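Engineer: below: sequence and its predicted model.
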Amino acid sequence: MYQFFKGAQTVGSFFPSTPILASKIVKHIDFSSAKLIVEVGPGTGVFTRKILKKLSKNAVFIAFELNEKFYNKLKIDIIDPRFVLINGSAEDLQTYLVQNGYLEVDYLISSIPLSNFKGKKIVTLLHSFRDLIGEKGTFIQFQYSFNQKRLFHKMFSKVLMDFTQFNIPPAFIYVCKN
Ligand SMILES: C[S@@+](CC[C@H](N)C(=O)[O-])C[C@H]1O[C@@H](n2cnc3c(N)ncnc32)[C@H](O)[C@@H]1O
């Protein structure tokens, strides 16, 4: 919880997401076909644990967490051969995946606070996410506002929006495809 207060700028919220928000995110994943799932900004792992529960045996799940404290805690808490945790920024995700031979991601789940990305950085980041999901993948992002709604519509050809009031703050969910 302390990290949620300390790092408000990069963490984006004072509280971890609720199980209700986690369910609303995870319901968009087809676990029978998902071979590679990537999460950016797992924090305390609310979505991560739910995904791992449903992940198929031969799938790979890679998570990028910038905050060292969250990373260290998750590294100890989650031991699973399908799960790879990286202490790094979503900005380096594409390079990491390409270097490791992962060219397309089935599901990219992001809870990083995009509003905190300055200037062109947000567009560059969304470009990399768009490339990574290719023709078949899905990008799922949640936000505490609909500030980036227009940008999502500009960058992705299909954008489905969902909402839950049962989160602090209430959250908008964007499910995007190319
Ligand atoms: C709003 S919190 C969400 C945490 C968790 N997914 C949840 O829903 O409770 C945002 C998370 O994104 C992480 N984060 C922020 N910027 C990041 C970046 N550039 N790359 C990777 N993680 C980042 C923060 O450290 C934090 O864990």
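Structural biologist: Yes, it's here.

Engineer: briefly note if the longest helix belonging to the chain comes near the ligand.
Structural biologist: Using DSSP state H, we find that the single longest helix of the chain is helix 121-133. No: using C-beta under 6 Å from any ligand atom, we find that helix 121-133 stays clear of the ligand, coming within 7.9 Å at best. C-beta: built from backbone N, CA, C; applies to glycine.

Engineer: what's next to that helix, contact-wise?
Structural biologist: The contact list for helix 121-133 (C-beta atoms under 8 Å, 6 or more residues apart in numbering) reads 38, 90-91, 93-94, 97, 104-106, 108, 110, 114, 117, 139, 148, 151-152, 155-156, 176-178.

Engineer: I'd like the next helix or strand past that helix.
Structural biologist: Using DSSP states H and E, the helix or strand that follows helix 121-133 in sequence is strand 138-143.

Engineer: could you list the low-confidence segments of the protein?
Structural biologist: 1-10, 12 (pLDDT under 70).

Engineer: any idea how far the longest helix of the chain is from the middle of the chain?
Structural biologist: Put simply, helix 121-133 sits 13 Å off its chain's centre (C-alpha atoms, centre = their mean, to the nearest Å).
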